[in-house]
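coords below, sequence missing:
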Ligand code: AMP
Ligand code: GLY
């Protein structure tokens, strides 16, 4: 079975690694930058930007690809799945119309409202900067300001955190006015990812990501500095009732996309804010999270290739999907200065990594040496019977890297977890 994985980040290294465990698999890759981990697993590589739909489609046809797995969102928006499916290549990833759940924040909110899906924050959609600024002036409270389109996870600014009212208006003007303004949600964030085959949805363990650059959740938003999951696949600040509500929201989104005429096939990622009133949707993504993919795929114990075949056939059920009952902790190393002024092209040496799993991201290898680039460099994942054990494995490996990189030592620690639990108790 020939599988093409599109994308060259840590998430795609995790996807490729998990697929490589399947029987009789030959892997191919499309990546703009050569990921040293994916190179080691792929039989054939096309190194072009992941949005070059025609070149990628031609490459898939000449390579005889059976299944294409789309890692990032940009190729979904560019219509890569539409193009590949037109040529009878089965895809894991939604067609462009279904990917709007992620790529068009206005569409997402309108769809939730139209179909009466719970967990939709109060919001207004604008196309004019002046209207949006008037709304900000009249609004009593803080808002989240979201550009309508894709921003690589870095476009959202929160009043009261990053901006005051004047800053908010300036930001809206700089975006040209195409924004969603949304009530600022207070609570604890969690990620629920699921495999979706068009109608059935099978959930994966809950994960918590850490968007802020620095320890203690301060500094600018990043693509995600690291993440953890618990042995019971839940999180201690998410009750079973919160979980059921979040899962129902995801299922309703899948059903609604079906009724909209865009059946959803691929990975559905729900980012939730667990608030005093229960989970609210921060956003949906039409793909795995990065880093969250590294947590769940490192724990996946069933055959990933069978899961993707069933997603394409429309015959997926929970009995095909099992995860180890372990904790996972993922820690990203990033260039010093990331995200504002990353130190690029600096050499790294990796020390004693013990049992940690290693996933490469935005890093190049030249003559056997690894060099930083502008984005997240590489990640270590520790697995363990307890969170403490998993954190120890990931932390020891991350701490053993030498070079102009840093990581968040606090991710997956008992102290940080307790803060989340206390925060949730305070809110309720
Ligand atoms: P996004 O790009 O939509 O993932 O948003 C980036 C980050 O902004 C999220 O991880 C949240 O921390 C924050 N955020 C987004 N929307 C809201 C909201 N309505 N209220 C509070 N924080 C938000
Ligand atoms: N970790 C957040 C994302 O992938 O969007």
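Perfect, I can see it now. Just so it is clear, the structure is predicted and the values come from calculations on it, not from any experiment. Ligands and ions are numbered 1, 2, ... in the order given.

near ligand 1, which residues of this structure show up?
Residues of the chain lying near ligand 1 by C-beta under 6 Å from any ligand atom: 121, 144, 153, 156, 158, 182, 184-185, 189, 211, 221, 271, 282-283. For glycine as for every other residue, the C-beta is placed from the backbone atoms N, C-alpha and C.

can you flag the buried ones in those?
Among the residues of the chain next to ligand 1, those scoring as buried are 121, 144, 153, 156, 158, 182, 185, 189, 211, 221, 271, 282-283 (criterion: 16 or more other C-beta atoms under 10 Å).

any idea which of these is the one closest to residue 394?
Among those, residue 211 lies closest to residue 394 (C-beta to C-beta), at 18.0 Å.

what's the spacing between the closest residue to the closest one other than its chain neighbours and ligand 2?
Spatially, and ignoring its direct neighbours in sequence, residue 211 is nearest to residue 221 (4.8 Å; C-beta to C-beta, 6 or more residues apart in numbering). Taking C-beta to the nearest ligand atom, to the nearest Å as the measure, residue 221 falls 10 Å from ligand 2.

wait, residue 221 sits on residue 212?
Yes: assessed by C-beta atoms under 8 Å, residue 221 is found in contact with residue 212 at 6.5 Å.

which residues sit against stretch 78-87?
The contact list for stretch 78-87 (C-beta atoms under 8 Å, 6 or more residues apart in numbering) reads 6, 50-51, 53-54, 56-57, 60-61, 68, 70, 75, 91, 93-96, 99.

next, count neighbours for the nearest residue to residue 353 once chain neighbours are set aside.
In this structure, residue 353 finds its nearest non-sequential neighbour in residue 397, 4.0 Å apart by C-beta to C-beta, 6+ apart. Close neighbours of residue 397, defined as other C-beta atoms under 10 Å, add up to 25.

mind listing what residue 397 touches?
Residues in contact with residue 397, defined by C-beta under 8 Å, 6+ apart, are 331, 351, 352, 353, 354, 356, 358, 380, 382.

of those, which is the nearest to ligand 2?
residue 331 (13.6 Å; C-beta to the nearest ligand atom).

any idea how far the closest one lies from residue 215?
Distance from residue 331 to residue 215, counting by C-beta to C-beta, to the nearest Å: 12 Å.

which of the two has more neighbours?
Neighbour count, other C-beta under 10 Å: between residue 331 and residue 215, residue 331 has more, with 30 against 17.

ok, the more buried one touching residue 380?
Yes: at 5.5 Å, residue 331 and residue 380 qualify as touching, with contact defined as C-beta under 8 Å.

overlap in contacts, the two.
Common neighbours of residue 331 and residue 380, counting by C-beta under 8 Å, 6+ apart, are 394, 397, 398.

and the residue nearest to the first one when sequence neighbours are not counted, what does it touch?
What it means is residue 394. Spatially, and ignoring its direct neighbours in sequence, residue 394 is nearest to residue 382 (3.5 Å; C-beta to C-beta, 6+ apart). Neighbour list for residue 382: 328-329, 355-357, 389-395, 397, 412 [criterion: C-beta under 8 Å, 6+ apart].

dig out what residue 382 forms beta bridges with.
residue 329 (DSSP bridges).

isn't residue 333 up against residue 398?
Yes: applying C-beta under 8 Å, one finds residue 333 in contact with residue 398, separated by 6.0 Å.

show me the common contact partners of the two, please.
With contacts defined as C-beta under 8 Å, 6+ apart, the residues shared by residue 333 and residue 398 are 380, 407.

and the gap between the residue nearest the centre of the chain and residue 72?
Among the residues of the chain, the one closest to the centroid is residue 289, at 1.5 Å (C-alpha atoms, centre = their mean). Taking C-beta to C-beta as the measure, residue 289 falls 11 Å from residue 72.

likewise residue 149?
Taking C-beta to C-beta, one finds residue 149 at 14 Å from residue 72.

more neighbours: which of these two?
Each of residue 149 and residue 72 has its neighbours counted (other C-beta under 10 Å); residue 72 has more, 25 against 13.

for residue 232, which three-state class applies?
Assigned state for residue 232: coil (three-state reduction, DSSP: H, G, I helix; E, B strand; the rest coil).

just give the nearest non-adjacent residue to it, would you?
For residue 232, ignoring the flanking residues on the chain, the nearest one in space by C-beta to C-beta, 6+ apart is residue 325 at 7.1 Å.

what's the burial count for that neighbour?
Neighbour count of residue 325, defined by other C-beta under 10 Å: 13.

quick one: least confident helix or strand in the chain?
strand 218-221 (a mean of 88; mean pLDDT, DSSP states H and E).

what does the helix or strand following that strand contact?
Downstream of strand 218-221, the first helix or strand assigned by DSSP states H and E is strand 226-229. Under the contact criterion C-beta under 8 Å, 6+ apart, strand 226-229 has outside partners 191, 205-210, 235, 289, 291-292, 294-296, 299, 327-332, 379, 387, 390-391, 394, 407-408, 411-412.

so how far is residue 250 from the residue of the stretch 251-400 of the chain found nearest ligand 2?
Nearest residue of the stretch 251-400 of the chain to ligand 2 (C-beta to the nearest ligand atom) works out as residue 289 at 3.6 Å. Counting by C-beta to C-beta, the gap from residue 289 to residue 250 is 14 Å.

gap between stretch 339-355 and the chain center?
22 Å (C-alpha atoms, centre = their mean, to the nearest Å).

same question, stretch 201-220
Distance, stretch centre to chain centre, for stretch 201-220: 9 Å (C-alpha atoms, centre = their mean).

endpoint to endpoint, it covers what distance?
34 Å (C-alpha to C-alpha, to the nearest Å).

next one: stretch 341-353
Stretch 341-353 has an end-to-end distance of 28 Å (criterion: C-alpha to C-alpha).

now what about that stretch, what contacts it?
For stretch 341-353, the surrounding residues in contact (C-beta under 8 Å, 6+ apart) are 333-337, 358, 363, 369-375, 377, 380, 396-397, 400-405.

likewise stretch 302-322?
1, 3, 18-19, 21-23, 25, 67, 69, 90-92, 195-200, 202, 204, 265-266, 297, 300-301.

show me what counts as buried in that stretch.
303, 304, 305, 307, 308, 309, 310, 311, 312, 316, 320, 321.

the fourth one: what secondary structure?
By that I understand residue 307. Going by three-state DSSP: residue 307 is helix.

hang on, the earlier thing: columns secondary structure on top of the buried ones among the residues of the chain next to ligand 1, output as TSV?
Below are these laid out as TSV (three-state DSSP):
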residue	secondary structure
121	coil
144	strand
153	coil
156	coil
158	strand
182	strand
185	coil
189	strand
211	coil
221	strand
271	strand
282	strand
283	strand
